[in-house]
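Student: Please find the sequence and the predicted model below.
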Amino acid sequence: MTKNTICLWYEKDAEAAARFYAKTFPDSAVGALHRAPSDYPSGKKGDVLTVEFTVAGIPCLGLNGGPAFSQSEAFSFQIATEDQEETDRYWNAIVGHGGQESACGWCKDRWGVSWQITPRTLTEALAAGGEEARRAFEAMMGMGKIDVAAIEAARRG
């Protein structure tokens, strides 16, 4: 296990979430499963308690902790995309498998984890500052999934 790992609390489906992420994003994998050595408030001895996994190169630990806590938008994965095809592929995988759309490139997977599917052209426009950033930002504010062509048009003015 690495020195710094993101721990995500799931009600009971950490393994299913980890397998979905590994199937969906490159440089992602499921590692070790650790089973509960005895009964605990939201599970039984032998249940999967934690799952080690990687999402786009980021080490994570999924904890099946029960219903005491839920995910929130205060934490999200931001996935940089190169074009509309890649943006669509990730967005559709998350939303199309029980997730839900939000605004400005954000969506949630079926476990409540928030994702920002962010084309690099948007990040570059915002980093440019000035009028280019303002135009791209205003275009983004009206979007759910980011429309790459619309952002590029806004960048040009």
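Tutor: Nice, I can see it. The structure displayed is predicted, hence computed values, not measured ones.
Student: Secondary structure element holding the residue nearest the centre of the chain?
Tutor: Among the residues of the chain, the one closest to the centroid is Trp115, at 3.3 Å (Cα atoms, centre = their mean). Element membership for Trp115 (DSSP states H and E) is strand 114-119.
Student: Show me what secondary structure element comes after that strand.
Tutor: helix 120-128.
Student: Show me the domain layout of the protein.
Tutor: With domains defined by automatic domain parsing, the chain comprises 1-70, 71-157.
Student: Using TSV, lay out the ones you listed together with mean pLDDT.
Tutor: Shown next, in TSV, are the domains of the chain (pLDDT from 0 to 100):
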stretch	mean pLDDT
domain 1-70	96
domain 71-157	98
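Student: circling back to that earlier point, tell me what angle the strand holding Trp115 forms with helix 120-128.
Tutor: 90 degrees (axes from the mean of the first three to the mean of the last three Cα atoms, to 10 degrees).
Student: for Trp111, what are its contacts?
Tutor: Tyr10, Glu11, Asp13, Ala16, Ala17, Gln71 (Cβ atoms under 8 Å, 6 or more residues apart in numbering). From N, CA and C alone the C-beta is placed, and that goes for glycine too.
Student: Kindly export stretch 43-61 (C-alpha atoms) in PDB.
Tutor: Extracted C-alpha coordinates of stretch 43-61, given in PDB (Å, rounded to 0.1, in the frame of the first residue of the first chain):
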ATOM      1  CA  GLY A  43     -21.500  -6.700   7.900                       C
ATOM      2  CA  LYS A  44     -20.500 -10.200   8.900                       C
ATOM      3  CA  LYS A  45     -17.300 -12.100   9.300                       C
ATOM      4  CA  GLY A  46     -15.900 -12.900   5.800                       C
ATOM      5  CA  ASP A  47     -17.700 -10.000   4.000                       C
ATOM      6  CA  VAL A  48     -15.400  -7.800   1.800                       C
ATOM      7  CA  LEU A  49     -14.400  -5.000   4.100                       C
ATOM      8  CA  THR A  50     -11.900  -3.100   2.000                       C
ATOM      9  CA  VAL A  51     -10.800  -3.200  -1.700                       C
ATOM     10  CA  GLU A  52      -7.500  -1.800  -2.900                       C
ATOM     11  CA  PHE A  53      -7.800  -0.300  -6.400                       C
ATOM     12  CA  THR A  54      -6.400   2.300  -8.700                       C
ATOM     13  CA  VAL A  55      -8.400   4.900 -10.700                       C
ATOM     14  CA  ALA A  56      -6.400   6.500 -13.600                       C
ATOM     15  CA  GLY A  57      -3.200   6.000 -11.700                       C
ATOM     16  CA  ILE A  58      -4.500   7.200  -8.300                       C
ATOM     17  CA  PRO A  59      -4.300   4.600  -5.500                       C
ATOM     18  CA  CYS A  60      -7.600   4.200  -3.600                       C
ATOM     19  CA  LEU A  61      -9.100   2.100  -0.900                       C
END
